[in-house]
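[1] pasting the sequence and the predicted coordinates here, then a few questions.
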Amino acid sequence: NAGVTQTPKFRVLKTGQSMTLLCAQDMNHEYMYWYRQDPGMGLRLIHYSVGEGTTAKGEVPDGYNVSRLKKQNFLLGLESAAPSQTSVYFCASSYPQGYEQYFGPGTRLTVT
Amino acid sequence: AQKITQTQPGMFVQEKEAVTLDCTYDTSDPSYGLFWYKQPSSGEMIFLIYQGSYDQQNATEGRYSLNFQKARKSANLVISASQLGDSAMYFCAGNKLTFGGGTRVLVKP
């Protein structure tokens, strides 16, 4: 039982490049989430999904897109990376909203 | 909207002593829930404890307990008998997917 996994663990991008972060969970959770954590701060919700084929915006969605083509996977895309997107990105999953979330190990992204 | 506030950026606690981490929330929903997560220096987020607004008693999980005061809109985490491994960031979060800014705890031997 791997729980929630994230790929890659680290990435360095140049401004304007694009990339996709992959999140996978094996707990059959309906809900999945993407957060970003900036130094010394709490987590902020980027996008979330309440089921396969559905996505919704969170607190800080600008500059990101997501897709949930399969129940177990939730992808986060950056179309044109900016230095302001340098952060640690966490994926999480849960049973319906209101249950505890299970987090992945995080992806550290640096945009130069 | 749901707002979560943690006013203590950091604190020291002596090993084996108890520590209380403050969390206040602001919500207009009559039904809500509050979570506490631990983030060690290794970076992962670990669920600790949950309190629902309709729960009759304060939640407890081993050495973790919640001091839940609805009138004050506070859900403070109490860690009893602190251990060196408790040194970490602690986040309070609401069921509307909002997190507080966190409190860093450093346990001194």
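    Done, it's in.
[2] residue numbers of chain A in contact with chain B?
    Residues of chain A found near chain B (CB under 8 Å from any CB of the partner chain) are A:33, A:35, A:40-45, A:48, A:58-59, A:88, A:90, A:92, A:97-98, A:100-103, A:105-106. Heads up, the C-betas are built off the backbone N, CA and C, glycines and all.
[3] may I have stretch B:15-28 exported as CSV, CA atoms only?
    This file holds the C-alpha atoms of stretch B:15-28, laid out as CSV (Å, rounded to 0.1, in the frame of the first residue of the first chain):
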residue,chain,number,x,y,z
GLU,B,15,10.9,17.4,27.1
LYS,B,16,8.2,15.6,29.1
GLU,B,17,6.2,18.7,29.6
ALA,B,18,2.8,19.5,28.0
VAL,B,19,2.4,22.2,25.3
THR,B,20,-0.7,23.9,24.0
LEU,B,21,-0.9,25.2,20.4
ASP,B,22,-3.5,27.8,19.6
CYS,B,23,-5.9,27.7,16.7
THR,B,24,-8.9,29.9,16.2
TYR,B,25,-11.4,29.6,13.4
ASP,B,26,-14.0,31.8,11.7
THR,B,27,-16.9,30.1,9.9
SER,B,28,-20.6,30.8,9.5
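[4] hmm, who's touching that stretch?
    With contact meaning CB atoms under 8 Å, 6 or more residues apart in numbering or on different chains, stretch B:15-28 is reached by B:1-8, B:11, B:13, B:32, B:34, B:36, B:67, B:72-84, B:86, B:90, B:92, B:94, B:96, B:100, B:103, B:105, B:107-109.
[5] would you list the buried entries among these?
    B:2, B:4, B:6, B:8, B:13, B:32, B:34, B:36, B:67, B:74-79, B:82, B:86, B:90, B:92, B:94, B:96, B:100, B:103, B:105, B:107 (16 or more other CB atoms under 10 Å in any protein chain shown).
[6] mind checking which of the residues of chain A next to chain B land in strands?
    The members of the residues of chain A next to chain B that map onto strands under DSSP state E are A:Y33, A:Y35, A:L43, A:R44, A:L45, A:Y48, A:V88, A:F90, A:A92, A:Y102, A:F103.
[7] the fourth one touches A:D62, doesn't it?
    The reference is to A:R44. No: the pair A:R44 / A:D62 is not scored as a contact, 11.8 Å apart, by CB atoms under 8 Å.
[8] of these two, which one has the most company?
    Each of A:R44 and A:D62 has its neighbours counted (other CB atoms under 10 Å in any protein chain shown); A:R44 has more, 17 against 8.
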